[in-house]
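**Student:** Sequence unavailable; structure follows:
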């Protein structure tokens, strides 16, 4: 890549490790790292291959890996020090202390748990849409009607529409209250129309007025799993198909959801939400 050894100008470099600029770099790093932590006693989670766990009697640890960003959670400080020492001996690592930010999500500690927020990311979406001075909307969606794929004229810049919609999808990691509204605008990414863009802008106006909201994860003495589900029979205006969804709580904490129709209503029942 432009390097030249002055003492041996006719030699070339032999690549021993993948570099960031190469396409196989992330895969090689992932295999290298997971092979090492396997030897420490970690195993892959069946639900998420980026999550690894360690379980040895009273010692429990969870390790989340995203490229070269790592979150390590342990059951004791002693276990944490042991694992960090072994990782630092094998890899060039830096301990950044207690978790405060990860992939655009900010983490703050409260008296009873953690609060996850994406306020900076939400502000970036608003700026990208050119709506910094927009008036906040009280609600994010019209619950009495659904968008049709043939309503209105085709939006002239579908790439811009898809970009904003995709950004809002990532925001739903900590904003379950907008999951249904975002899912509705995602239905029309293939051929967005002016009416769909208006619905998208309403989402952004709502986010403008609710920047401080996020996901509250609190301690709970309950291990009971509670699920809510609902369906709108033949409610889709174009195909008359039914739409449905669900959300699942473990104790007081929302742990899973799937763009349900009732999510706006369930927000009132959410004891661990925004």
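**Tutor:** Sure thing, it's come through. Predicted model, so just to flag it, every value in this text is computed and none were measured.
**Student:** didn't residue 129 look like it was pressed against residue 165?
**Tutor:** No. With contact defined as Cβ atoms under 8 Å, residue 129 does not count as touching residue 165 (10.8 Å). Backbone N, C-alpha and C define where each C-beta goes, glycine included.
**Student:** So which elements touch the helix or strand residue 81 falls within?
**Tutor:** Using DSSP states H and E, residue 81 falls within helix 77-90. In terms of contacts (3 or more Cβ pairs under 8 Å, 6 or more residues apart in numbering; DSSP states H and E), helix 77-90 is packed against helix 25-40, strand 59-66, strand 69-74.
**Student:** which residues in the stretch 101-250 of the chain form helices?
**Tutor:** For the stretch 101-250 of the chain, the helices defined by DSSP state H, counting those that start in this stretch cover 119-128, 158-171, 179-186, 194-209.
**Student:** the inter-axis angle of the first one versus helix 194-209?
**Tutor:** Right, the one you point to is helix 119-128. Following axes from the mean of the first three to the mean of the last three Cα atoms, to 10 degrees, one obtains 140 degrees for the angle between helix 119-128 and helix 194-209.
**Student:** do the same with the second one
**Tutor:** When the same axes, to 10 degrees is applied, the directions of helix 158-171 and helix 194-209 differ by 40 degrees.
**Student:** Show me the contact partners of helix 158-171.
**Tutor:** 104, 118, 121-122, 124-125, 128-129, 155, 178, 182, 185-186, 189, 191-192, 196-197, 200, 203-204, 207 (Cβ atoms under 8 Å, 6 or more residues apart in numbering).
**Student:** Equivalent analysis for the longest one, please.
**Tutor:** Outside helix 194-209, the residues within contact range by Cβ under 8 Å, 6+ apart are 122, 125-126, 129, 131, 134-142, 147, 151-155, 161, 164-165, 168, 171, 175, 178, 181-182, 184-185, 188.
**Student:** how does it look with 7 Å?
**Tutor:** Helix 194-209 is contacted from outside by 122, 125-126, 129, 131, 134-137, 139-140, 147, 151-153, 155, 161, 164-165, 168, 178, 181-182, 184-185, 188, using Cβ atoms under 7 Å, 6 or more residues apart in numbering.
**Student:** Would you list the buried entries among the residues you listed?
**Tutor:** Among the contacts of helix 194-209, those scoring as buried are 122, 125-126, 129, 131, 134, 137, 140, 147, 155, 161, 164-165, 168, 178, 181-182, 184-185, 188 (criterion: 16 or more other Cβ atoms under 10 Å).
**Student:** Many thanks, have a good one.
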